[in-house]
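K.L.:
sequence first, predicted coordinates after that:
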2 protein chains.
Amino acid sequence: MKHNAFVVLSVLFLGLTVGCQHPSNTSDNTSSSQITNQTSQNALVNQELAQKALNSNLAYDLVESLTVEVGPRLAGTDKDLIAVEWAMNKLNSLGFDKVYKEAVQVPVWERGYANASITAPFAQPLVITALGGSVATPKGGIEAQIVRFDSLAALEAADPSLVKDKIVFIDHKTERHRNGKGYGMTVGGRSKGAVAAAKKGAVAIVIRSIGTDSDRMAHTGVMRYQQGVAKIPAAAMSNPDADLINAMLKRDSKITLALDMSSKNLGTATSYNVIAEVTGSSKPDEIVLIGAHLDSWDEGTGAIDDGAGVAIVTAAGKLIQDLPKKPARTVRVVLYAAEEIGLIGGKAYAKAHEQELAKHYIAAESDFGAGKIYQLDVKVNPQVFEQVLAEHHGMKTVGVEMGNNKAYGGPDVSMLPNYGVPVASLRQDGTDYFDYHHTPNDTLDKIVPSALAQNVAVYAQFAYTMAQSEIDLRPILAKDK
Amino acid sequence: MKHNAFVVLSVLFLGLTVGCQHPSNTSDNTSSSQITNQTSQNALVNQELAQKALNSNLAYDLVESLTVEVGPRLAGTDKDLIAVEWAMNKLNSLGFDKVYKEAVQVPVWERGYANASITAPFAQPLVITALGGSVATPKGGIEAQIVRFDSLAALEAADPSLVKDKIVFIDHKTERHRNGKGYGMTVGGRSKGAVAAAKKGAVAIVIRSIGTDSDRMAHTGVMRYQQGVAKIPAAAMSNPDADLINAMLKRDSKITLALDMSSKNLGTATSYNVIAEVTGSSKPDEIVLIGAHLDSWDEGTGAIDDGAGVAIVTAAGKLIQDLPKKPARTVRVVLYAAEEIGLIGGKAYAKAHEQELAKHYIAAESDFGAGKIYQLDVKVNPQVFEQVLAEHHGMKTVGVEMGNNKAYGGPDVSMLPNYGVPVASLRQDGTDYFDYHHTPNDTLDKIVPSALAQNVAVYAQFAYTMAQSEIDLRPILAKDK
């Protein structure tokens, strides 16, 4: 039943697509019936890809293998290189046409220990974690009064005399949303808080975790320093700990905190972007890029961030590799290095492949856990936007709605539109993503196998459809390069 | 509306109660109409107690105060004594007729650090916590192969040659049930596992946490040694870590673990049972005991275990203290010392009050979090069981069903039936209790204020009803003393 309904619907949608196709996008000697044949052929292949994806354990097996056999793989560590080896072996064993790696220089950071406690008015230990990139406290730690701000903006607006010699506490709660937009509203406090605090003379910063849970577990994540501004230690506390401090502040405005951290930056090391390709049958030099990042934070096993993405795009690529007839364009699976500490692999890829970017047809990264995909957004020439969505209407049968033309593409491909490359965002349900993100709780049990398989189905359909499409997606409305 | 319905129902139930009252339970010179007057008076008071409880923030304020101003309060530590001081001050400020404390000698244990990692076949750090009472590893830690068992029973049945020189891993998942019965099915592995493992020559034991969550957070809890059996280090790993080991065992039967722990036992210290009383108006020497325990584990702030219980019984006692006419019997609120490390306060109370136990009318402890009470169980003379329940039928209006005559009473009163003391269990919904129990996640945010207030309503009604009851609850079907 489902099977038949799918065919009928797909052909119907694809028929509509052809009906509204822009003339400039079809070569002069291609007749309408040829296109119809091709599009209904594509629909059949997409249907087959979805069925295979939904019936396959490959993605789950991959993320299990990565989290169990490698586990945490912080960029630039030994474990990161073990992950690269794992990826090379896995991609080779899956039989991709090409498998190779490209060296990337990545910063190396060591977490060390991070201890904090309230020393007055009520002595209590806190649960904190160092933010990625943070320096240590001076030996023996520091003790200072805290000063609380509702947000980064409030800190930035504050009189420096309130902040000087204090430990800044940014207390900005992250809201829960399906699309994860709460993160964007608070993450600035994590990435830019140390600089803003140091500019006003603070001795350290400890933020409320950028997370939607109420587990007594702090969320790490990268922070940045700025040349010419003092480097102060930066940490996050769990949400219950931030609540605790607020309850103390109701009782006494003067709270002192002791902070002792040993984290340090250790220079740079070599890591790798690991790449696999299904060579295109007729336009092998044109690239449909589907990516994820191979590195992870160090306190969980990197299951949802981003073992899931690695598994999704690898399994999707494998399904296309196994097709009896390869699509026109090359499908390139890129497992990026060192995303967590500043999109290092993504930037390196853009630089290394700059001459080839004109041949990148479209790119998308899976880096938002393993929740089901509910919407396809793209960033393409506005004149062909509707046509592009129409080509993907078959995705509705696996639960994907057609979205907007404002896609961001994912962190490691987010710079590609600056080079004119179209991108797509296959939007995942991230309702609970920020409960686990960047914590010890990022473990395999948080992944629902059926949702992971749906991601594979959608990525396979997307990559295949784009690798076959006759639409010219350029020029996009890009910002300056 | 609700108000009127309550009165009608209560009077109806109480009328039934009187109708079936055993003649021996009413004094000869008390007429039936006097009893009816008294019981409908009681019903009105119970209704008032419930309304006040449901409209009051007192219990929440108490548990907030305890968790914020004291926080973790492991028995025998400085924080434990701060908690005792907190309790004395709080009970005095609430205006109880009597407030006093009784010294208890308690064992002192220091957690120290506990680190573990898998060293082969796939090196990964684990998240563990020391079990309460555990010794340290030898200096520098130990490294050994693990041997997995489904349960304590499987370990006990195992051939010693399989266990010798290994680290035992008991992998028994705790099931989720409203009444918490899953805990009883697995906790033996925690309390008795070290002895069973050491008897067969194991060098350490690390169990799957006794918890229903999938947070990467281990659950502590007390363990015991046995004279004449080697003391081996004992720890728990989080559920995701246990899953990780199982995934490795699918790949390789030989897993080695490195374990390094510094926990130690530090002798004994003085702590206190803290007690408050509402003096009975006509039978002041007869005691209705409602208790909770003041100590907590050290990794959370002791909110659900057992700050909630402390708040519930204290707030219930306060409501009775504030009544214009005190009930016949004395209501005694007991905040026990050192429950977590072996019911030390409960045992000390029973010993210190042995001569008075014949005058303990009934006892109940609140020590199962802050979920709503759904059922009242008692342990009374079977001949008056139905009468006792009938006296409490008014509780149905706050959601409490009448249960059985097999109550256990709660940990610190569990020994009282051996002395002939009737007990009651006010059964709380513990569906999520073992998600947080004995972990850093035992924090204030896990308490729902409205559910806490319902507990206060039920405890106040229970204590008042029992302090007024004319029923002779003895003899109970007790085990040997």
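P.N.:
Now that the structure is in, tell me what you want to look at.

K.L.:
show me what from the stretch 201-350 of chain A comes close to chain B.
P.N.:
A:214-217, A:239-240, A:243-244, A:247-248, A:251, A:300-301 (C-beta under 8 Å from any C-beta of the partner chain). Every residue, glycine included, has its C-beta placed from N, CA and C.

K.L.:
kindly recompute the last result at 7 Å.
P.N.:
Proximity of the stretch 201-350 of chain A to chain B is confined to A:Ser214, A:Asp215, A:Arg216, A:Met217, A:Pro240, A:Asp243, A:Leu244, A:Ala247, A:Met248, A:Gly300 under the rule C-beta under 7 Å from any C-beta of the partner chain.

K.L.:
how many other residues sit next to the closest residue to the fourth one other than its chain neighbours?
P.N.:
Residue nearest to A:Met217 in three dimensions, not counting chain neighbours: A:Thr439, with 4.8 Å by C-beta to C-beta, 6 or more residues apart in numbering or on different chains. Using other C-beta atoms under 10 Å in any protein chain shown, A:Thr439 has 27 other residues around it.

K.L.:
ok, A:Tyr183 - contacts?
P.N.:
The neighbours of A:Tyr183, taking C-beta atoms under 7 Å, 6 or more residues apart in numbering or on different chains as the test, are A:Thr174, A:Ile210, A:Phe434.

K.L.:
again, only this time at 10 Å
P.N.:
A:Tyr183 makes contact with A:174-175, A:177, A:190, A:210-212, A:221, A:368, A:430, A:433-434, A:437 under the criterion C-beta atoms under 10 Å, 6 or more residues apart in numbering or on different chains.

K.L.:
out of these, which end up buried?
P.N.:
Taking 16 or more other C-beta atoms under 10 Å in any protein chain shown as the criterion, what is buried in those is A:Thr174, A:His177, A:Arg190, A:Ile210, A:Gly211, A:Thr212, A:Gly221, A:Phe368, A:Gly430, A:Tyr433, A:Phe434, A:His437.

K.L.:
the first one - that's part of a strand, no?
P.N.:
No. Counting by DSSP: H, G, I helix; E, B strand; the rest coil, A:Thr174 falls outside a strand, being coil.

K.L.:
so it sits against A:Asn239, correct?
P.N.:
Yes. Using C-beta atoms under 10 Å, A:Thr174 is in contact with A:Asn239, at 8.6 Å.

K.L.:
what is in contact with these two at once?
P.N.:
A:Arg208, A:Ser209, A:Ile210, A:Gly211, A:Thr212, A:Asp213, A:His219.

K.L.:
make TSV out of the residues you listed and add distance to B:Glu69, pLDDT and secondary structure.
P.N.:
Shown next, in TSV, are the shared contacts of A:Thr174 and A:Asn239 (distance: C-beta to C-beta, whole Å; pLDDT from 0 to 100; DSSP: H, G, I helix; E, B strand; the rest coil):
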residue	distance to B:Glu69	pLDDT	secondary structure
A:Arg208	21	98	strand
A:Ser209	24	98	coil
A:Ile210	28	98	coil
A:Gly211	26	98	coil
A:Thr212	28	98	coil
A:Asp213	25	98	coil
A:His219	27	98	coil
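
K.L.:
tell me what A:Val147 is bridged to.
P.N.:
Note on A:Val147: beta-bridge partners by DSSP bridges are A:Val168.

K.L.:
ugh, typo on my part, it should be A:Met402
P.N.:
Beta-bridge partners, per DSSP bridges, of A:Met402: A:Leu376.

K.L.:
quick one: it and A:Gln375, what's the gap?
P.N.:
Noted for A:Met402: a distance of 7 Å to A:Gln375, by C-beta to C-beta, to the nearest Å.

K.L.:
tell me, what's touching those two both at once?
P.N.:
A:Met395.

K.L.:
and chain A, what are its domains?
P.N.:
A:2-108+A:268-468, A:112-262 (automatic domain parsing).

K.L.:
out of the residues of the stretch 201-350 of chain A next to chain B, what pair is the most spread apart?
P.N.:
A:Met248 and A:Gly300 (29.6 Å; C-beta to C-beta).

K.L.:
higher neighbour count, these two?
P.N.:
Set A:Met248 next to A:Gly300 and count neighbours by other C-beta under 10 Å: A:Gly300 wins out with 28 against 20.

K.L.:
correct me, but that one touches A:Ile447?
P.N.:
No. Assessed by C-beta under 10 Å, A:Gly300 is found out of contact with A:Ile447, at 11.9 Å.

K.L.:
hey, what's in contact with both of these two?
P.N.:
A:Thr67, A:Gly307.

K.L.:
do you know the pLDDT at the residue lying closest to A:Ala202 once chain neighbours are set aside?
P.N.:
In space, A:Ala202 comes closest to A:Val168 once its chain neighbours are excluded; the distance is 4.6 Å by C-beta to C-beta, 6+ apart. In this model, A:Val168 is scored at 98, pLDDT.

K.L.:
how far away is A:Glu143 from A:Ala123?
P.N.:
For A:Glu143 relative to A:Ala123 (C-beta to C-beta), the value is 12 Å.

K.L.:
what residues do the two have in common as contacts?
P.N.:
In contact with both A:Glu143 and A:Ala123: A:Ser117, A:Thr256, A:Ala258, using C-beta under 10 Å, 6+ apart.

K.L.:
ok, so of those, who is nearest chain B?
P.N.:
Chain B lies nearest to A:Ser117 out of the shared contacts of A:Glu143 and A:Ala123, by C-beta to the nearest C-beta, at 10.1 Å.

K.L.:
three-state assignment of that closest one?
P.N.:
Under three-state DSSP, A:Ser117 falls in the strand class.

K.L.:
how close does the residue lying closest to it once chain neighbours are set aside get to B:Gly71?
P.N.:
When the adjacent residues along the chain are set aside, A:Ser117 lies closest to A:Pro125, with 4.6 Å between them (C-beta to C-beta, 6+ apart). Computed as C-beta to C-beta, the A:Pro125 to B:Gly71 distance reads 8 Å.
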